[in-house]
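A.B. asks: just a sequence and a predicted model for now, questions to come.
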Amino acid sequence: MTLYERIADLPLTISASDRTSRHREMVGEMTRVTSTFVLLAEDEFGAGEDVTHEAIDHEALPDTLPFDFAGEYTFDEFSQSLDAVDLFPTKPPEREISRSYRRWAVESAALDLALKQNDTTLASRFGRERSPAQFVVSTPVPDGDTTRVEEILTVNPTCEFALEPTDGWTTDTFARLAETDAVRVLDLSGQSDGDGASQAPNPELYRRVFETFPDAVMAGPVISDDVHDLLAAYSDRLSLGASVRSTANLRDAPFEPDWCSIVPSRFGTVRSLLATIEYCAEQDISMYGGGQCELCVGRGHIQLLASLFYPDGPNEIAPRAYNKPTVKADLHSSPFEPPENPTGMEWKQLEFE
């Protein structure tokens, strides 16, 4: 029985739905906007988070949702019913990938509700244990300035990082970061999922990254003639990242990855997410979790999935506090301990969030 088959037949009743949006100032002078979709039935609710990046796509939804999700289903029946629903009814999304983000929000809300209504959990349905989940912190190094990394390490000396090297990184940048021995993932930004332009391959940058951080996972490189031999020499450290939204993306990848970043919202459907997790396990591809600056329940969802399937990976699922514009005086250290009495897809809220 597949993972999806273990939850597909869960009975699900929905009587109403709602949506709220949140705005938060983030590191890097960015304002993040997300929407939380809530499905209700009597005294139970399920929630999922839409991580669409453009504020205009959240603002375009009217206060009263134009969707009628009310009814009785199995979880799979509800998922299939969404194939006929335009979740962007007032205007097309600014980027097509956002359809997957909103689909994930609604499906994860439905799964959350179905689990609660049936008094069960993903761990019990999948026959897995919730394990302490390791996390690394994604934070900017603008123009090679390592100040924020150093400030975080002052508060949390055991913190580890997932960073995005750029042509602006200087010799001093590499030296300072290498000295920390805290860099676990480097995103080369060569594979875009529609969230922005890909970074062109720079052979010298690639070489310096591989040689300076000999134990780090390298995510999303561009495969081109001028870097092909270099990447082949370090193939055991290569990871697929932003491009992975289904098992097809793994089968058709330009290289055979040893690693894969699992970002649930990119898959759109629960079925596709679980199929990809199973495929990675079958092909012995190491997994680690990722997110997209979730502000609400979505952060808990990615933490739960990491706890179940890839707890020891360099998971980019750090508490929200790490995304604040200024570094807080108290920051939670890795790993996350699993909740004692979980319900649905929820994860406990940390005092350091």
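C.D. replies: Yes, it's here.

A.B. asks: buried ones in stretch 60-71?
C.D. replies: By 16 or more other Cβ atoms under 10 Å, the buried positions in stretch 60-71 come out as Leu61, Leu65, Phe69. (Glycine included, C-beta is placed from N, CA and C.)

A.B. asks: return the item of these having minimum pLDDT.
C.D. replies: In terms of pLDDT, the lowest of those is Leu65, showing 88.

A.B. asks: surely it touches Arg19?
C.D. replies: Yes. The pair Leu65 / Arg19 is scored as a contact, 5.6 Å apart, by Cβ atoms under 8 Å.

A.B. asks: now the strands for the stretch 251-353 of the chain?
C.D. replies: For the stretch 251-353 of the chain, the strands defined by DSSP state E, counting those that start in this stretch cover 259-262, 286-289.

A.B. asks: redo these as CSV? Include distance to Pro92 and mean pLDDT.
C.D. replies: Below are the strands of the stretch 251-353 of the chain laid out as CSV (distance: least, Cβ to Cβ, whole Å; pLDDT from 0 to 100):
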stretch, distance to Pro92, mean pLDDT
strand 259-262, 27, 95
strand 286-289, 30, 96
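
A.B. asks: among those strands, which is nearest Gly144?
C.D. replies: For the strands of the stretch 251-353 of the chain, the distance to Gly144 is smallest for strand 259-262, at 23.9 Å, taking Cβ to Cβ.

A.B. asks: may I have that closest one exported as PDB, CA atoms only?
C.D. replies: In PDB, the C-alpha atoms belonging to strand 259-262 read as follows (Å, rounded to 0.1, in the frame of the first residue of the first chain):
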ATOM      1  CA  TRP A 259      20.100  14.600  -2.700                       C
ATOM      2  CA  CYS A 260      16.700  16.100  -3.100                       C
ATOM      3  CA  SER A 261      15.000  19.100  -1.400                       C
ATOM      4  CA  ILE A 262      11.400  18.400  -0.600                       C
END
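
A.B. asks: name the residues of it that are buried.
C.D. replies: Trp259, Cys260, Ser261, Ile262.

A.B. asks: got it, and stretch 80-100?
C.D. replies: Of all the residues in stretch 80-100, those buried under the rule 16+ other Cβ under 10 Å are Leu82, Leu87, Phe88, Pro93, Glu94, Arg95, Ile97, Ser98, Arg99, Ser100.

A.B. asks: which helix or strand contains the last one?
C.D. replies: Spelled out, it's Ser100. Using DSSP states H and E, the element containing Ser100 is helix 98-117.

A.B. asks: repeat that for the fifth one.
C.D. replies: Using DSSP H and E, no element contains Glu94; it sits outside every helix and strand.

A.B. asks: go ahead and confirm it touches His58.
C.D. replies: No. Counting by Cβ under 8 Å, Glu94 stays clear of His58, with 10.8 Å between them.

A.B. asks: show me the chain divided up by domain.
C.D. replies: Here the domain parsing of the chain from automatic domain parsing is 5-124, 137-323.

A.B. asks: reformat those as a markdown table; add distance to Pro338.
C.D. replies: Output for the domains of the chain, formatted as a markdown table (distance: least, Cβ to Cβ, whole Å):
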| stretch | distance to Pro338 |
| --- | --- |
| domain 5-124 | 9 |
| domain 137-323 | 5 |
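
A.B. asks: for Leu331, find the nearest of the ones you listed.
C.D. replies: With Cβ to Cβ, the closest approach to Leu331 among the domains of the chain belongs to domain 137-323: 4.5 Å.

A.B. asks: which positions within stretch 115-134 qualify as buried?
C.D. replies: For stretch 115-134, burial by neighbour count (16+ other Cβ under 10 Å) applies to Leu115, Lys116, Gln117, Thr121, Leu122, Ala123, Arg130, Ser131, Ala133, Gln134.

A.B. asks: which one among the buried residues of strand 259-262 gets closest to Lys324?
C.D. replies: Distance to Lys324, by Cβ to Cβ, is smallest for Ser261 among the buried residues of strand 259-262, at 23.4 Å.

A.B. asks: for the helix or strand bottoming out on mean pLDDT in the chain, the distance to its chain's centre please.
C.D. replies: Lowest by mean pLDDT, DSSP states H and E among the helices and strands of the chain is helix 228-233, with a mean of 81. Counting by Cα atoms, centre = their mean, to the nearest Å, helix 228-233 is centred 28 Å from the centre of its parent chain.

A.B. asks: what is that helix packed up against?
C.D. replies: helix 203-212 (3 or more Cβ pairs under 8 Å, 6 or more residues apart in numbering; DSSP states H and E).

A.B. asks: now for the helix or strand following the helix it packs on, which elements pack on it?
C.D. replies: Next in sequence after helix 203-212, counting helices and strands by DSSP H and E, comes strand 217-219. Strand 217-219 is packed against strand 183-187, strand 238-240, strand 259-262, with contacts defined by 3+ Cβ pairs under 8 Å, 6+ apart.

A.B. asks: in strand 217-219, what counts as buried?
C.D. replies: Neighbour counts over strand 217-219 (16+ other Cβ under 10 Å) mark Val217, Met218, Ala219 as buried.
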